[in-house]
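after the sequence you'll find the predicted model.
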Amino acid sequence: PNVNWIKKARWVQDGKYVSSSGVSAGIDAALYIVSELTNIENAEFVSKDIEYTWHRVASEDPFAEMYPYTRS
C-alpha cells in the first residue's frame, strides 16, 4: 500500500481511520476521537481525569525535531 507521510503530525485521520506517531500521540489521537464522537468537554474531562496534557493540534508535534524524518 502507498503511504503518504505527514511530517510533524501527532496523528492523522484518513476517512474512518486515525493513526498516531507514537504512544503518547496515541493518547492525543484517542482524545481527538472522543471529542469528535461526543464533544470537546468530554475529551477535556478525560484528559484531566488521567492527568494528561492533551496536545490538541495534530500538526504540532513537539517531539518531531528530536527524531527527524529520514526516508529509508
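Cool, the structure landed.

surely Ala64 touches Trp5?
No. Using C-beta atoms under 8 Å, Ala64 makes no contact with Trp5, being 11.8 Å away. No exception for glycine: its C-beta is placed from N, CA and C like everyone else's.

and these two? Which one has more around it.
The residue with the greater number of neighbours, taking Ala64 and Trp5 and applying other C-beta atoms under 10 Å, is Ala64; the counts read 15 against 8.

can you tell me the closest non-neighbouring residue to the more buried one?
Leaving aside its chain neighbours, Ala64 sits nearest to Lys8 (4.1 Å; criterion: C-beta to C-beta, 6 or more residues apart in numbering).

do you know the pLDDT at that neighbour?
Predicted confidence (pLDDT) at Lys8: the value is 85.

got phi/psi on it?
In this entry, Lys8 is assigned phi and psi values of phi 60, psi 30 (degrees, to the nearest 10).

what of Asp14?
Torsion angles at Asp14 (phi, psi; degrees, to the nearest 10) stand at phi -130, psi 100.
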